[in-house]
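J.: Got a sequence here, can you build the structure:
(chains A and B)
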Amino acid sequence: MKVFGAEKLSTIQWFIALLGVFVEVQVITFSAPLAQAAGTDGWISIILAFFITGGGLYLWLRLALAYKDKFLTEWLQDLLGKPIALLLTLGLLLYWFLWIVGVNRTYANLIQELMLQTTPIPVLALIAIFTAAYAARHGLSPVIRLMELMVPISIVIFFGLLLAVMPQVQLARLLPVLGNGIARPLRASLMLSGELQGLVAVVALVPFLKRHDQALKTAFLSFGLLMFFLVIPTFLITIGFMGVETTVAQRFPLLTVTSAVRVPVLERLEGVFAIGWIVIVFLTTAYVLYLLALVTAAALGAKDQRHIVTALVPLLLLGISLPGSEVAIDTLSQITAAAGFVVIVLLPIPLFGLARLRGKL
Amino acid sequence: MILRFHRAIIVTAVIVLVGTVTAGCFDRIEIDELAIVTSLAIDAPDPQGEQGQKSQAVETDVGNTSLTGEDPQFVMTFESPRPDLVGGKRAGIGPGGAPEKRSVWILQGAGTSMLEILAGASSVSNRVLFLRFVTVVFIGEDMARGGILPVLQIFQRTLLAREALSVIVVKGRAEEVYGVIPPFTDTLARHVEEAVSRKIRSGAELRTNLLETAVAFNSNNGDLLLASAQVKDGGLNLNGAAVLKDGRLIGFLTPEETKGINWARGQVRAGTIVLPPPSGQQRPAVIDIAISSSKIVPSIQMGRPRFTMNVKVRGTIGELPNNDLITPKIIEDLAQRASEQVTQQVEKALQKLQTEFKSDALGLGAILRQRQPAYWSQIKGNWDEVYVKDAEFKIVVDVELTTAGLLR
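T.: Here you go, the predicted model:
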């Protein structure tokens, strides 16, 4: 298959692309379910999740690097044979489809609640999906270049806001540490591991790397920076600001925190925050849409991914519009998280074992 | 050629479709169709008033619009600036320098729910009430005695007002605040915002915003302190504190008691400590407070919780009763007397909360849960009782006087 619009990625592009895909919609919402599951010890769950999912990421990357010149669908076929590989590919496609539907539904819900109450969900989703599809149709390079430009800006905005909130944070609200033992944060870490859905998506980028020898190190640097300097601080600040009891009641906890902070020059801080977050959602959507189309095109033996992107747009819009209530969206995200745990943590173990048996590693 | 023509049509159709439906026009409301509400007051129905009649407490531009007519639960009064009169020039100047016309529009409605009142307001207003710029919510005493949960719910769940808006409990009826004409601002909301956000204050006030209120409500089982205000002699006094238990108002702290609480919370950022004149002298000594901080340390003594409050105060000598030159002994003596006075203020305020109101509004239970989890797990089921009967306080105050101004 011809990969349209893909040029080789430098190490720094790989690093930024990973950040762009790792940071996703959950950054605004994850504190609430995590606080509900782990209480004040949610930050311990994040550290545990780093090691659990880090293991999965390591295995996936080792596999992809063992077949460094082959695309994901191709090396799965080499490893598993055509029928099983096709089945697995279909499973991955369905998982990524559900993921992108969940991301964009959360995005549309937030925009609706925050700004456009009477605008229908499909119209709100259309804005992100159409723009993402435009970028994805032109291949990997525009998506990565967009990430190079926007990811640093968005991350600077995030950090700026976290710093603005800091003076009102009471870290005593995170005490006592492990007051209810380790079992609760451990269970929560398994739940959180399924939520880190960007991990496997990046594996598909491996064939496009200029320097494969730095891939593993760069991936863990990016993942570690994200977890320890963005995810953990976000949780600590949210709980330190609102406490567990108030955090669990919020749909968008980080947004609630930013809306309570007054800064002299900005009328509404949460508006600035939303700008950075919307960009991240858009980048994630563009990348995963590209990936979906590319893998589908490879599985179908299509000429390139461009027409697949176009064909996916109405399907995605339908998927985003289908959940009728918050309950349905919660069910969708639980299904996606459970599938995420299987794909990120469990699936690479037998694949890795098989590859070793076949002498590929 | 035909293919290119078809493609051009498709591209044009897509551009038109996307441009039309994604422009956010579903929610288009022009600014001149909005009545921007800057503050509002929420009261329980006046037991002495007659529903459907114009409010006696405040002169409203529109009569008391009883929207349900039967058994109203809430009375809401909205303040909305009138763009044509804001700025004062066109409002004209009346006798005594007061503006001839108020630059705000006051609308009042009653109903069984707050959303119902908002919906019904459209029947008397040609503009949509827009609540996202509300900066102050006044809650009437009767309303607060019934519980503040409905107010928190409506603002956090539905109205999308900013979490930073100030929440103030008014002694008496909240609607009365709109009888106050602010001297320097067009709206009462702006007046209150400027007053509560300025740094130089007496130390006897609280500032509570919506999110802080919700956080205190959720983590202390509804025991909390809110800012309070009172309409007095045509002005709005923003001092003292409202004490809530189980989310319901049970009383008020005086400004001095509120200062005692603020010492305990390390929240006194300005103000004075007035030391009564010693025998033989006429005038008091006054210490100008620069900053204070506090740390509350819980411990368990003989099976009882003890809270040690380490209060640190830094200030300067502002006034002295005589013209003596400052000596180290004078400074030491003043610091000692100031420490005693702060200790007394804190003790008095804590005692009132503990014995009279029986409200853990300072959040001591949460501190105990954080710092003494093993003990907390034993008593959490009857913390209310333990707090009232067994909790002890030890107040340690350290006053440091840094300068005496330009005089020696």
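J.: When you work out contacts or count neighbours from here on, use the C-alpha atoms and nothing else.
T.: Will do.
J.: Setting the sequence-adjacent residues aside, check what's closest to residue 295.
T.: This is for chain A. Leaving aside its sequence neighbours, A:Val295 sits nearest to A:Thr73 (CA to CA, 6 or more residues apart in numbering or on different chains; 6.8 Å).
J.: The chain in question should be chain B.
T.: Spatial nearest neighbour of B:Lys295, chain neighbours left out: B:Asn310 (5.2 Å); criterion: CA to CA, 6+ apart.
J.: that older thread, do I have it right that the residue nearest to A:Val295 meets A:Ala297?
T.: No. In this structure A:Thr73 lies outside contact range of A:Ala297 using CA atoms under 8 Å: 10.0 Å.
J.: Return the residues of the stretch 251-361 of chain A in contact with chain B.
T.: A:Thr256, A:Ser259, A:Ala260, A:Val261, A:Arg262 (CA under 8 Å from any CA of the partner chain).
J.: Okay, and which of the residues you listed map to helices?
T.: In helices, defined here by DSSP state H, the members of these are A:Thr256, A:Ser259.
J.: which one of the residues of the stretch 251-361 of chain A next to chain B sits closest to chain B?
T.: Comparing these against chain B with CA to the nearest CA places A:Ala260 closest, at 4.3 Å.
J.: Check the gap between that closest one and A:Glu270 for me.
T.: A:Ala260 is 9 Å from A:Glu270, where distance means CA to CA, to the nearest Å.
J.: what's the distance between A:Thr73 and B:His191?
T.: Relative to B:His191, and taking CA to CA, A:Thr73 is found at 66 Å.
J.: got it, and A:Val23?
T.: In terms of CA to CA, A:Val23 sits 42 Å off from B:His191.
J.: and if you look at A:Thr89?
T.: 63 Å.
J.: The two: which is more packed in?
T.: A:Thr89 (20 against 16; other CA atoms under 10 Å in any protein chain shown).
J.: and the more buried one, that's in a helix?
T.: Yes. Under DSSP: H, G, I helix; E, B strand; the rest coil, A:Thr89 sits within a helix.
J.: Run through chain A and note the low-pLDDT ranges.
T.: A:1-6, A:24-25 (pLDDT under 70).
J.: I should have written chain B there, sorry.
T.: For chain B, residues meeting the criterion pLDDT under 70 lie at B:1-4, B:18-25, B:48-70, B:87-101, B:159-160, B:199-200, B:404, B:406-408.
J.: For the stretch 101-250 of chain B, what lies in contact range of chain A?
T.: For the stretch 101-250 of chain B, the contact set with chain A under CA under 8 Å from any CA comprises B:Leu160, B:Arg162, B:Glu163, B:Ala164, B:Leu165, B:Asn209, B:Leu211, B:Glu212, B:Ala214, B:Val215, B:Asn218, B:Ser219.
J.: List just the nearest of those residues to A:Ala286.
T.: Taking CA to CA as the measure, A:Ala286 lies nearest B:Leu160 of those, at 30.2 Å.
J.: Please work out which residues outside the helix of greatest length in chain B touch it.
T.: Secondary structure assigned by DSSP H gives helix B:328-351 as the longest helix of chain B. The contact list for helix B:328-351, computed with CA atoms under 8 Å, 6 or more residues apart in numbering or on different chains, reads B:253, B:256-261, B:263-264, B:273, B:275, B:393, B:395-401.
J.: now the strands: where do they sit in chain A?
T.: In order along the chain, chain A carries no strands (DSSP state E).
J.: residue closest to the middle of it?
T.: In chain A, the residue lying closest to the centroid (CA atoms, centre = their mean) is A:Gly198, at 3.7 Å.
J.: Just give me the neighbour total for the residue lying closest to that one once chain neighbours are set aside.
T.: The shortest distance from A:Gly198 to any residue other than its chain neighbours is 4.9 Å, reached at A:Phe22 (CA to CA, 6+ apart). A:Phe22: 24 surrounding residues under other CA under 10 Å.
J.: OK, contacts around A:Phe22?
T.: A:Leu196, A:Gln197, A:Gly198, A:Leu199, A:Phe223, A:Leu226.
J.: before we move on, the earlier item: B:Pro298: which of the residues of the stretch 101-250 of chain B next to chain A is nearest?
T.: Lowest distance from B:Pro298 to these (CA to CA) belongs to B:Ser219, with 17.4 Å.
J.: My guess is the closest one contacts B:Ala366. True?
T.: Yes. Counting by CA under 8 Å, B:Ser219 does reach B:Ala366; the two are 7.0 Å apart.
J.: Tell me how far B:Ile395 lies from B:Gly315.
T.: 19 Å.
J.: show me what contacts A:Ala338?
T.: Contacts here follow CA under 8 Å, 6+ apart; on that basis A:Ala338 touches A:Met191, A:Gly194.
J.: Just the closest residue of the stretch 251-400 of chain B to chain A, please.
T.: Counting by CA to the nearest CA, the stretch 251-400 of chain B gets nearest chain A through B:Gln370, at 4.7 Å.
J.: Quick check, that residue in contact with A:Leu175.
T.: Yes. Counting by CA under 8 Å, B:Gln370 does reach A:Leu175; the two are 4.7 Å apart.
J.: What is the neighbour count of the residue nearest to A:Val295?
T.: Residue neighbour count, defined by other CA under 10 Å, stands at 19 for A:Thr73.
J.: right, and the secondary structure at B:Gly251 would be what?
T.: strand.
J.: Run through the bridge partners of the nearest residue to it once chain neighbours are set aside.
T.: Of all residues not flanking B:Gly251 in the chain, B:Val243 sits nearest, at 5.4 Å (CA to CA, 6+ apart). Following DSSP bridges, B:Val243 is listed with bridge partners B:Leu225, B:Gly251.
J.: B:Val243: what's it in contact with?
T.: Contact analysis of B:Val243 by CA under 8 Å, 6+ apart lists B:Asp223, B:Leu224, B:Leu225, B:Leu226, B:Leu249, B:Ile250, B:Gly251, B:Phe252, B:Leu253, B:Phe357, B:Ser359, B:Ala361.
J.: how close does it get to B:Lys352?
T.: The span separating B:Val243 from B:Lys352 equals 10 Å under the rule CA to CA.
J.: Ok, B:Pro305 next?
T.: Counting by CA to CA - B:Pro305 and B:Lys352 are separated by 18 Å.
J.: and what of B:Arg337?
T.: Going from B:Arg337 to B:Lys352 by CA to CA gives 23 Å.
J.: Of B:Pro305 and B:Lys352, which one has the most company?
T.: Comparing B:Pro305 with B:Lys352 by other CA under 10 Å, the one with more neighbours is B:Pro305, at 22 against 15.
J.: Follow the chain on from the longest helix of chain B and name the next helix or strand.
T.: Next helix or strand after helix B:328-351 toward the C-terminus (DSSP states H and E): helix B:364-371.
J.: now that following helix: how far from the chain's centre is it?
T.: 24 Å (CA atoms, centre = their mean, to the nearest Å).
J.: in the stretch 1-150 of chain B, which spans are strands?
T.: Along the stretch 1-150 of chain B, the stretches classed as strands by DSSP state E, counting those that start in this stretch are B:34-36, B:39-43, B:65-66, B:74-81, B:104-111, B:128-130, B:136-140.
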